[in-house]
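Asker: Fold the stuff below for me.
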Amino acid sequence: MKSESKSRYATKKPGKTEVEPLRRYEDMYNLMEYFKSRKMWDSYLTFMFGLLLGRRIGDTVMVKWSDFYYENGRLKTEITTIEEQKTGKTTIIPISQAVKGAIAVYCRETGVVPQEHLHEYVFNTPTKTEWLSRRDDPIYQEKSFNLNAWCEKMGKDWGVQRKISILEAFEKQKKYSSLGEYLYWVVEYADIVKWQTDGFRRKFATAVEVCNVEGRVSCHSLRKTFGWIGKMIHPDDPNAMETLQEIFNHVDVATTARYIGLSEERKRRYFDDMGEVVESIESGNMDIRVNNSPIVSLKHDDLREVLMFVLRERDGDDVEVFNRAMNMIEEKKLRMI
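Answerer: Here you go, the predicted structure:
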């Protein structure tokens, strides 16, 4: 039983990891209750931020209170300060009432007062605190920074290949002028993110197992769930996919569709539909229903024109009016979904 649960949970490994969004609302509710009932408040807020902000988990665990609050203690209406670790891009993220509500629960249960920790990370760990304590260490400012000497001082048992990779990456970038700064803000930062995300990943895996969540899920499923639900609750918005593409910083809509599981869902639907046809035939029912009624998107003014035409011609021949209206729709349609 335990091995089956582990196989359902997609762990983070090198290369492409295919995970699915959480498609069942019951699963989301059970996971929320799992963290709340066990008073795992850091995990609860990380989970809620994952669902509500649509960020990668590595960016989520590194948010600061100042991302949400002004100096005077007033809550912001949007986040403008999160730079994606993977892409380096900054996206404006509106702060919804649900985000404010999750923060309120967290603060109430933990006793944290954000104004007293404004420039600190929301999710602190001993490792992160120790890393921050070294921020002003003069060694990072040295122009003749010695990587081998630093590794020895910090007790880092890094192999030759990793050191070479760090030096090569430093030479290619232009943001940091000294190797010490690059090491602190890029290499060590990435390690901190990995340690903290691994910690949440393990807790999330346990929650998934206990709550019997089905499907290939990981903590990255939270970001995909944002997109999946976003599309499902805006079925009549012809620009829904373009909006999600912008939120996720994807290169095109097709990438977003694959990312949030729409492509996978369509393929699954084809298999299910084929199964229904075969079952129907096996039972002797040859009356196979074919769904050939596409959804057509029209601009608001074009729809008004078609409706006005139908109203004007309502005393005419019904069949002729219908056919002419359908022809107008065919000419004006934006696309078929």
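Asker: Tell me, how many residues neighbour residue 313?
Answerer: For residue 313, the count of nearby residues is 15 (other Cβ atoms under 10 Å). Any C-beta I mention is one placed from the backbone N, CA and C, and that applies to glycine too.
Asker: so which strand or helix has the residue nearest to it when sequence neighbours are not counted?
Answerer: Leaving out its chain neighbours, the residue that sits closest to residue 313 by Cβ to Cβ, 6 or more residues apart in numbering is residue 321, at 4.6 Å. Assigned by DSSP states H and E, residue 321 belongs to helix 318-332.
Asker: average pLDDT for that helix?
Answerer: For helix 318-332, mean pLDDT rounds to 81.
Asker: now for it, which elements pack on it?
Answerer: helix 300-312 (3 or more Cβ pairs under 8 Å, 6 or more residues apart in numbering; DSSP states H and E).
Asker: Next, the angle helix 318-332 makes with the helix it packs on.
Answerer: 170 degrees (axes from the mean of the first three to the mean of the last three Cα atoms, to 10 degrees).
Asker: Could you pull out the buried residues of helix 300-312?
Answerer: By neighbour count on 16 or more other Cβ atoms under 10 Å, the buried set for helix 300-312 is 302, 306.
Asker: Quick one: list the elements packing against that helix.
Answerer: helix 318-332.
Asker: ok so, going back, what distance do you get for the residue nearest to residue 313 to residue 168?
Answerer: According to Cβ to Cβ, to the nearest Å, residue 321 stands 71 Å off from residue 168.
Asker: cool, and residue 109?
Answerer: Taking Cβ to Cβ, one finds residue 109 at 46 Å from residue 168.
Asker: So between these two, which is more surrounded?
Answerer: Neighbours were counted for residue 109 and for residue 168 using other Cβ under 10 Å; residue 109 has more, 13 against 9.
Asker: End to end on stretch 181-193, go ahead and measure it.
Answerer: For stretch 181-193, the separation between the terminal residues is 17 Å (Cα to Cα, to the nearest Å).
Asker: Show the average pLDDT along that stretch.
Answerer: 91.
Asker: can I have the helix holding residue 321 written out in PDB, keeping just the CAs?
Answerer: Coordinates of the C-alpha atoms in helix 318-332 are reproduced here as PDB (Å, rounded to 0.1, in the frame of the first residue of the first chain):
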ATOM      1  CA  ASP A 318     -38.500  30.700 -39.800                       C
ATOM      2  CA  VAL A 319     -36.200  28.300 -41.800                       C
ATOM      3  CA  GLU A 320     -34.900  31.100 -44.000                       C
ATOM      4  CA  VAL A 321     -34.300  33.500 -41.000                       C
ATOM      5  CA  PHE A 322     -32.500  30.700 -39.100                       C
ATOM      6  CA  ASN A 323     -30.200  29.800 -42.100                       C
ATOM      7  CA  ARG A 324     -29.400  33.500 -42.700                       C
ATOM      8  CA  ALA A 325     -28.600  34.000 -39.000                       C
ATOM      9  CA  MET A 326     -26.300  30.900 -39.000                       C
ATOM     10  CA  ASN A 327     -24.500  32.200 -42.100                       C
ATOM     11  CA  MET A 328     -24.000  35.500 -40.300                       C
ATOM     12  CA  ILE A 329     -22.500  33.700 -37.300                       C
ATOM     13  CA  GLU A 330     -20.300  31.600 -39.700                       C
ATOM     14  CA  GLU A 331     -18.900  34.900 -41.200                       C
ATOM     15  CA  LYS A 332     -18.400  36.600 -37.900                       C
END
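Asker: Which residues belonging to it are considered buried?
Answerer: 321, 324, 328, 332.
Asker: Three-state assignment for residue 272, please.
Answerer: Following DSSP: H, G, I helix; E, B strand; the rest coil, the label given to residue 272 is helix.
Asker: how close does it sit to residue 278?
Answerer: For residue 272 relative to residue 278 (Cβ to Cβ), the value is 11 Å.
Asker: swap in residue 225?
Answerer: For residue 225, the distance to residue 278 - Cβ to Cβ - is 32 Å.
Asker: quick one: which of these two has more around it?
Answerer: Neighbours around residue 225 and residue 278, counted as other Cβ under 10 Å, are more numerous at residue 225. The numbers are 22 against 10.
Asker: Below-threshold pLDDT in the chain: ranges please.
Answerer: Filtered on pLDDT under 70, the chain yields the residue ranges 1-17, 266-270, 274, 277, 279, 281-282, 288-296, 333-337.
Asker: go with 50
Answerer: 1-12, 15, 335-337 (pLDDT under 50).
Asker: host element of the residue nearest the centre of it?
Answerer: The chain has residue 223 as the residue nearest its centroid, 1.8 Å off, counting by Cα atoms, centre = their mean. For residue 223, the enclosing helix or strand under DSSP H and E is helix 221-232.
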